[in-house]
Every structure is written in C-alpha cells, then in structure tokens.
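# What shape does this take:
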Amino acid sequence: MGTLGWCIIHTLRQRAISECHRILQKPNRRKQAFRTSLVNPIQLQFRKANATKTSHDEKFALRTVSPNDFKNLVMEQFLDGKCYNLIDKVVATPEVLLTAYEKLGLNSNTKLDDVIARATSDGIDSLWLTATSRQLREGNFDVESCCFEMVPLRVKGESLVVPNLKLKLVMEAVRMALEAVYEPRFVTFAYGGRIGMGRHTALRYIKANIANPTWWFTVAFHNCRFDSERVQKLISIMENKIEDTLLIDLICRFFRANVLAIDFGDFSLGRGFPQETNLCSILINIYFHGFDKEVKHMRRIIDQTNSVTRYGKKQDDPASSSTAKEHMFNDVSMTEPSSSLKLWVHDQLLQRTPEGLPVIFHNPIKVYACRYLDEILVASSGSKELTMDLRNRVVEFLECELKLKVNKSMTALHSSVSETVEFLGMEIQAVTPSKLRPPMSDKAIRAWKKLIIRRQARALEKRNFRETMLKKAGMKILGHVLNKFKRSGLRNPDIPIALQIRSNFRIWAQEVINGFLQSSEEHRFWHRHFSSSEFLSNSAIREQLPRELVNAYDDFQEKVDQYFNTDKANKAEDSERKIIAEQKKYAQESVKDLTKLCIKIDAPGELVRKSLRLAKLMNSMGRPQPVKLLIPLEDEEIIRWYSGLAMRWLNFFCCCNNFKMVKTVVNYHLRFSCILTLAEKHESTKRDAIRHYTKDLKLTDLDGGAEIFFPLENKIKMMGDQHLADPKPVDGLLCMALVRRPFDGLSTRCSALCCNRIDTVVYRIRLLQSRRNINPLDKKKWVPGLGTIHEAFDKKCLPLCAKHMKYLYSGQITLQDIDFTFLHMN
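A predicted model of the protein is given here:
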C-alpha cells in the first residue's frame, strides 16, 4: 500500500474517532446553554440579512467571548487527556474569530470603537465571519489567496511571504486555542511568547534561582529554516495532545505557504520583527516542550542521587566525614582563634549537632535551566565531567529528537566564575556577594553621615517645636481654668479647694523633676556647674590639704561624671558596639564570599558602543555625531526617534548591574546626537540648539504648552529595576529609519491594524544594513546579537497616523502590528 493509501486510512480513522466522540459524549446543560447563547446572535443576524437596513448595528450582531468563557469552551473539548474538535467547536466559531480581530486591534493600541469601525471597512462583518467559519469547518480555507509575496530591491535578495489582515485573524484564533491547551502544561523555566513571562522575568529567574553554579553553557544553533522534516516532528508532538485533523492540516498549509517562517540562530525570534508572526512563539514552545520535560527529568534524577541531609551525610550512608572536615578547619587555624572575630567565624563554620558532630557546609549538586524561545542556558553546580555529560545529552536530544543543527563549537563549557556567557543579549557571570554589592566608597560614607546628621538636626527641630507648642497650649489651658474660677465666683477661702490644688501641683512638680533629671541637656548643665571650679584640682593646693578631703572631692567628682556626664559613657558604649557589629558584619561577608556565588548580569558595553558606531550615532573617537538621514524629518519626529531609542535601551537594560553605563550612553551620546542633528538641520550651532530646545529637548504644542519627549536627566538617574513586562529590544528601531515622503494630496488610511484614521503621513522605510551595505551574517562588520528586519521591507512606503507613529517609535507597537497590504499596494 502506498503513502497515499496510508494517508486516506489515517484521515478516515481520525474522522471516525471524532464522530464517535460526538455521539458518545454525554449532554452537558452548561455546554448547551453556552452554545445556545452563541447561536442566538447568529440567528438574529440571518433574520436581519434579508432586510433592507444596512446600518452598523445590523452588520455586527455577534458578540465577543470573554477569556474565562473561551477557556471553558476549550476545556470542554478534552476527553481522556486529549483535545478534540478544536477547529469545529472553538476556532471556527464566528464569535472566536471576532474576538481574535478585537485582540489584534487592542494589541496595536487602537480604541475599541475604531476597531469596530475599521472591521466594517475591511469587510469583516457577520457574513464574512460566517463564511470563513464554514470554510474552516469544511477544510477548504484558501491560505494562498490571503497572503502575498514581497520582493526585495536586490536582485539576489530573498523574498518574503506576508499574510493579510484576514489571515492574521485566523492565525490569531489558532494561537489563542493552542495557548489555552498548552499554557498550563509548560514548565516554569520556559519563557517567551507567554503572558507575563518575558525577558526580564527570565533574567529575574536566573538571579533568584541559580545558586552556586560552577559550570554552564548556552546552546547555539546553525542558521537553519524550519523545514518540512521539523514540521512533521512538530505535528507528531501536537498529536500527543490534540486530536484534530482540520487543525493539523491548517497549520501544515501555513508552513507550505511560507506564512510561518521560523529561522533558528539569526537572533530574530521574539523581537517584534515583521518576518515573525504571533503564532511562531507558541509553536516554538510546543516544539521544545519535550526538551523541557527531558531537562526536568534529568534535574530530578540528579537531585535524587545527590540528596544530602542538613548535617552533610548521605541518606543511605550512615558514615560521616566529620573528622576530615575538622582536620580541614584545623589546617586553616580556625580551631584556636586569637580574637573574637576568628572565634565567631569558627562558630559559624564549625557548629556542633546535638550528637556532637560538626555541621559542615554542603552544596548539593543542582542543575538549572532557562529557555527563551530558541535560546537555552544550562548551568550546574557539579563537576566539569558531570556538566560535560549533561551537555552531551542535551546536544544529542536536540539533534536526534528535535532534528536541529547544533553549533558544537559555540556550545562549549564555561567556568561560571572566570568566564562570562552571553544569554538574551546580556553578559552573565557568577561572582561573590562582595563583588555584586561592593562596599561604599569613603566619599559616599561621608555623604551618608552628613545626611544622617542633617536628618537628626531636622528631627531635633521638630521635637523642640512640638515641646514649645505644648508649653503654649498648657499656658492657654491654665489661663482658661483660672478665668473659669474667677467667673464662677469661687473666691471664698472656706471652700476646700486649696488642698486639691496643692496635691495636683505636687504631682506635677514631681513629674517635672523626674523629666528634668532624665534630660541629657540638664545633665550637661549640672555637670558644668559642679566641675567649673578648678580650686581643688590644682596640684599645689591638693598637697596642702588633708588626704580625706582630697579623696572626698575625687569621689564627688566621680559621682558627678557617673550621673551627669553621660556623653562619655555613651560614646564608649557606642564605639564598642560599633566595633562588635563591624566585626560580625565582616565575618558574615567573609563566610558568604567563601560559601556563596551570586549571578551578575551586565549589559554588553562594547556591543552597545559598536551599535552606536554602526548607526552613525557616534564617531570613531567615541563622540556623538548627527544622523544626516533624519534631517528631512520634522523636529518632533527627530526627537521622538531618539526618545524611542533611549527609552527602549533604558527599559531593556534596566535589570543589569551596570545600568549606570547605559544611562551614560543615553544621557550623553543619544541626547547630544539629537541636538547635533537638530543643529545641522537648521544650520545653526550646538549652543543655539540647546538654547532653543534646552537639554531636555522640549517642544511646544499648538496651545503653547511644553511637551517633553526625551527622558529627563533626573528621571534617568532615578530609573532602576522596576519593569516586569517584556520590553521591546532596540533592534527594531536602531536598524530602521522612517523618511517622510512629500505630500501628494491623497488621503490614505493608517496601515496599523484596525486603525480607521485617514489623517496620515507616508513614510519610506530605510534599513540599516542596506544603507551601510553590510551583510548581517558578517560578524566582523555587524554587531553580534543585533537582529535585522527582512530586506524585503527596504524602501517600502508606509502610511501612519500621528498616534501610531508615536507608538511605533516608543515600542508600544511593532511592525507585526502593521497591515502589510498597504506596503504591497504601494
């Protein structure tokens, strides 16, 4: 029997299983009620289709599906651990398609009213949704007719197939269904393409969970396309959880039409580039899900084989190596400490159990992993041989099971302490806590002490002001009481009120005396009063006086110093307390440096500076220079381009330990490059541009108000690790410039998804690699790790409204949120 016969039998078998599942499935009232609520609006639309009204409300009689209802709808398709009929019951319903269209509009920061208005103009109404739903259920949805090919200007360039808005709608509905099925099943260290699990979350996971690594490695892939062999592997993985021939066939047609293009090893995944769709991320996570489970299985095996009790003994081995550990500590001369510091360190390093055995430090062997789409980091706290075996198993699984081409020369082991490893565009290294958080400099300590003194003086002023106001309030109350006595006529001396007043004043006087003696200021006053006389302190006079008198005077002076001169005693106690605290703190830091390693994440400073030189923002001497390509733009657009570049860099590197370097780049190079570009445009000097725009690069709107587009210097200084979202990398803006075309008098609709505005400006896309005539694969001329936009978009025209132009520069939308039909038409 041939391959075609086997395919026919497999298709008939799948349809028979689906039909049996539909017949044998028990009726569910909740499911019937939900389906009835979905069908009623459609029936209402069919009733209105024959009418002559053509209003907007009649064209849209459907409603969207809430996230909880969508999740429940997907969960109802599960039976015996598999999901059935996703296309028929979920994806192909008109309500889900309308929900996908609304989500595309919200992702492009378009208002809901504009989304609905744009849907009517795009032809996405109830009739189109119903027809598309029928085509998806019948399996004859034409994918090729919903996409077009973009040809680059270069003769030997590679073309790109781009979907239109209606195909993006169907792909978004498929992505929503796959996300509802697989999202609860992904492992915790899988990031990218998931809600709330972006780059910053992955880096925080590395900082918080990887402890005391000794060796690690990153997996590097050769530049390869997701071909038919890997597509078949993806289909086999999905069939373990999903039993739906229509969905599998639809995804296969996406790949055959080259609408889904997944390239490994070119740093373009998860960066918002137009050659990637939203469906690619979820498919990559599904493809690597087996690898994630394999790594999790290896971690569990290593944890079980290296399980250790808190006293350093193996659970299956009663013998202990306590004598050897004691001998080790004896060798470093810690058993006979010569100071309190050594004694404290000795007690911390060599404690005793209730049985008399020493408590030793033991770092169990752990395996850590973190994956962001196709970027993989694996770390181990074991030996080099163990990590080498782990690397071989990882490479073997990726090559044999997932059919990927691993670059073994780049997938090398690195020492976590002496070498850095690049992951997610960052440089990661394991350092001691003292290097991660270095002590304060002498200048910083002096400034901190001055700040403390200033705060204490301010607190003393507030306390004195409060006491003064309390005294004034007491005097007012006392005067008010005396006036009451006079007005009430209580002037008869026979009334026994004098005793009560005398007792009250006695109580008040005792409280005043107690407070007086407890005050440090009064102590200083009486100490100066009693020790001001130097008559008996003179040695010539003391020799002529009786010895009993001199001793009595000395005893009196000691009592005065003891009870009234408390500053001296307090200073001695404070100094002794500080010395002990500093010794303990130093000992704790020393123990941590000996027993603990922390993860340090730095921004690649050399690559950042190389990116500036590549984009002509900085000259060969490291000084900012103007960008002549931006001179034809308006002043507002120039400032917005630099502001978007600055904010993207700040948001992307805000979780790095050397974030101060990035702040310097933004504050100096980008700010002054923008100022020099504005000065070159208006043929003026840098000082004139600063005098006109100020260093904050302010512009005034039509109402005369000041608008600040570039980040303020004080705001940049106060920025830190605050963002948890997935920031858009700077590649999409640094590698692209939008040049404004002359106005031709024609009004064109905005090319952003679901935007209905026609007050647009047409821009021409200019790519960095084409302007510099550099091949991105040339690592010597191009910046390693810097992604590139596909060359087919070079010099294409793009109409955008002012709002989406601002969003594109600031990173709130990407080129994935653009309807490329306008590029094809232009």
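# where in the stretch 301-450 of the chain is pLDDT low?
Applying pLDDT under 70 to the stretch 301-450 of the chain picks out residues 306-363.
# And the strands in it, which stretches?
351-352, 358-359, 367-372, 375-380, 414-415, 421-423, 426-431 (DSSP state E, counting those that start in this stretch).
# Direction included, what does the longest strand that the chain contains pair against?
Looking across the chain with DSSP state E, the single longest strand is strand 760-767. If you go by DSSP bridges, strand 760-767 pairs up with strand 736-740 (antiparallel), strand 797-801 (antiparallel).
# can you list the residues that contact it?
629, 735-741, 743-744, 747-751, 788-789, 791, 793-802, 805, 826 (Cβ atoms under 8 Å, 6 or more residues apart in numbering). To be clear about C-beta, it is placed using only N, CA and C from the backbone, and glycine gets the same treatment.
# Give me the buried entries from those residues.
Among the contacts of strand 760-767, the ones that count as buried by 16 or more other Cβ atoms under 10 Å are 629, 735-739, 748-751, 788-789, 791, 793-794, 796-801, 805.
# Can you tell me how far residue 777 is from residue 263?
As judged by Cβ to Cβ, to the nearest Å, residue 777 and residue 263 stand 12 Å apart.
# can you list residues touching both of these two?
What both residue 777 and residue 263 touch, as defined by Cβ under 8 Å, 6+ apart, is the set residue 223.
# and residue 132, how many neighbours does it have?
Residues within reach of residue 132, counting by other Cβ atoms under 10 Å, total 20.
# ok, for it, nearest residue in space, not its chain neighbours?
residue 97 (6.4 Å; Cβ to Cβ, 6 or more residues apart in numbering).
# Residue 133 is in contact with the one you found, correct?
Yes - Residue 97 lies in contact with residue 133 (Cβ atoms under 8 Å); the separation is 6.7 Å.
# How far off centre is stretch 91-108?
27 Å (Cα atoms, centre = their mean, to the nearest Å).
# And stretch 258-272, by the same measure?
Distance, centroid of stretch 258-272 to centroid of chain: 22 Å (Cα atoms, centre = their mean).
# can you check stretch 668-684 too?
32 Å.
# circling back: any chance of the strands paired with strand 760-767 in CSV, with mean pLDDT and distance to residue 293 too?
Output for the strands paired with strand 760-767, formatted as CSV (pLDDT from 0 to 100; distance: least, Cβ to Cβ, whole Å):
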stretch, mean pLDDT, distance to residue 293
strand 736-740, 83, 39
strand 797-801, 85, 43
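# Columns distance to residue 370 on top of the ones you listed, output as CSV?
CSV is the format used below for those (distance: least, Cβ to Cβ, whole Å):
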stretch, distance to residue 370
strand 736-740, 30
strand 797-801, 36
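# what about stretch 771-783, distance to the chain center?
30 Å.
# Quick check: mean pLDDT of it?
For stretch 771-783, mean pLDDT is 81.
# That stretch: end-to-end distance?
Terminal residues of stretch 771-783 lie 15 Å apart, using Cα to Cα, to the nearest Å.
# So residue 795 versus residue 183, what's the distance?
Going from residue 795 to residue 183 by Cβ to Cβ gives 40 Å.
# Then residue 97?
Distance from residue 97 to residue 183, by Cβ to Cβ: 21 Å.
# Counting neighbours, go ahead and name the busier of those two.
Between residue 97 and residue 183, counted using other Cβ under 10 Å, residue 97 has the larger neighbour count: 26 against 15.
# for the more buried one, helix, strand, or coil?
helix (DSSP: H, G, I helix; E, B strand; the rest coil).
# Could I get the contacting residues of it?
Neighbours of residue 97 in contact, by Cβ under 8 Å, 6+ apart: 91, 129, 132, 133, 169, 170, 173.
# How far off centre is the lengthiest helix in the chain?
Counting residues, the longest helix found in the chain (DSSP state H) is helix 442-488. Per Cα atoms, centre = their mean, the displacement of helix 442-488 from the mean C-alpha position of its chain is 46 Å.
# Repeat that for stretch 79-94.
Taking mean C-alpha positions (Cα atoms, centre = their mean), stretch 79-94 and its chain are 34 Å apart.
# Stretch 205-213 now?
So, by Cα atoms, centre = their mean, the centroid of stretch 205-213 is 16 Å from its chain's centroid.
# Now do the end-to-end distance for that stretch.
Start-to-end span of stretch 205-213 (Cα to Cα) is 14 Å.
# tell me which residues of that stretch are tucked away?
Across stretch 205-213, burial judged by 16+ other Cβ under 10 Å covers 205, 206, 207, 210, 213.
# From those residues, pick the one nearest residue 281.
residue 205 (17.7 Å; Cβ to Cβ).
# quick one, phi psi at that closest one?
phi -60, psi -40 (degrees, to the nearest 10).
# Equivalent analysis for the one 5 residues further on, please.
With angles defined as degrees, to the nearest 10, residue 210 shows backbone torsions of phi -80, psi 120.
# of the buried residues of stretch 205-213, closest to residue 422?
residue 206 (12.9 Å).
# Just the element for that closest one, please.
helix 199-209 (DSSP states H and E).
# Restricted to helices, list the contacts of residue 97.
Those of the contacts of residue 97 lying in helices (DSSP H): 129, 132, 133, 169, 170, 173.
# which of these sit farthest apart?
Using Cβ to Cβ, those reach their maximum pairwise distance at 133 and 169, which is 11.6 Å.
# ok, those two, which is more surrounded?
In this view residue 133 and residue 169 are compared by other Cβ under 10 Å, and residue 169 has more residues nearby, 26 against 21.
# Could you measure from the residue nearest to residue 132 over to residue 245?
In terms of Cβ to Cβ, residue 97 sits 20 Å off from residue 245.
# Repeat that for residue 104.
Counting by Cβ to Cβ - residue 104 and residue 245 are separated by 27 Å.
# And those two? Which one has more around it.
residue 104 (22 against 18).
# My understanding was that that one contacts residue 813; is that so?
No - the criterion here is Cβ under 8 Å, and residue 104 misses it with residue 813 at 11.2 Å.
# Mind telling me what element the residue lying closest to residue 141 once chain neighbours are set aside is part of?
Nearest residue to residue 141, sequence neighbours excluded (Cβ to Cβ, 6+ apart): residue 135, at 4.3 Å. Residue 135 is part of helix 126-138, with elements assigned from DSSP H and E.
# Residue 277 versus the closest residue to residue 693 other than its chain neighbours, what's the distance?
The spatial neighbour of residue 693 that comes closest, neighbours along the chain excluded (Cβ to Cβ, 6+ apart), is residue 678 at 6.4 Å. According to Cβ to Cβ, residue 678 stands 38 Å off from residue 277.
# which of those two has more neighbours?
residue 678 (24 against 21).
# Would you map the strands across the stretch 51-200 of the chain?
For the stretch 51-200 of the chain, the strands defined by DSSP E, counting those that start in this stretch cover 78-79, 82-84, 147-150, 160-163, 190-191.
# Out of those, which is the most enclosed?
Mean neighbours per residue, mean count of other Cβ atoms under 10 Å, is largest over the strands of the stretch 51-200 of the chain for strand 190-191, with a mean of 24.
# which helices and strands sit right next to it?
Judged by 3 or more Cβ pairs under 8 Å, 6 or more residues apart in numbering; DSSP states H and E, strand 190-191 is in contact with helix 199-209, strand 367-372.
# And the contacts of that strand?
For strand 190-191, using Cβ under 8 Å, 6+ apart, the contacting residues are 197-199, 201-202, 205, 285, 288-289, 292, 370-373.
# Adding distance to residue 401 as columns, could you present these in TSV?
As requested, the contacts of strand 190-191 are exported to TSV (distance: Cβ to Cβ, whole Å):
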residue	distance to residue 401
197	24
198	27
199	27
201	27
202	24
205	25
285	16
288	11
289	12
292	12
370	20
371	15
372	20
373	18
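# That'll do, ta.
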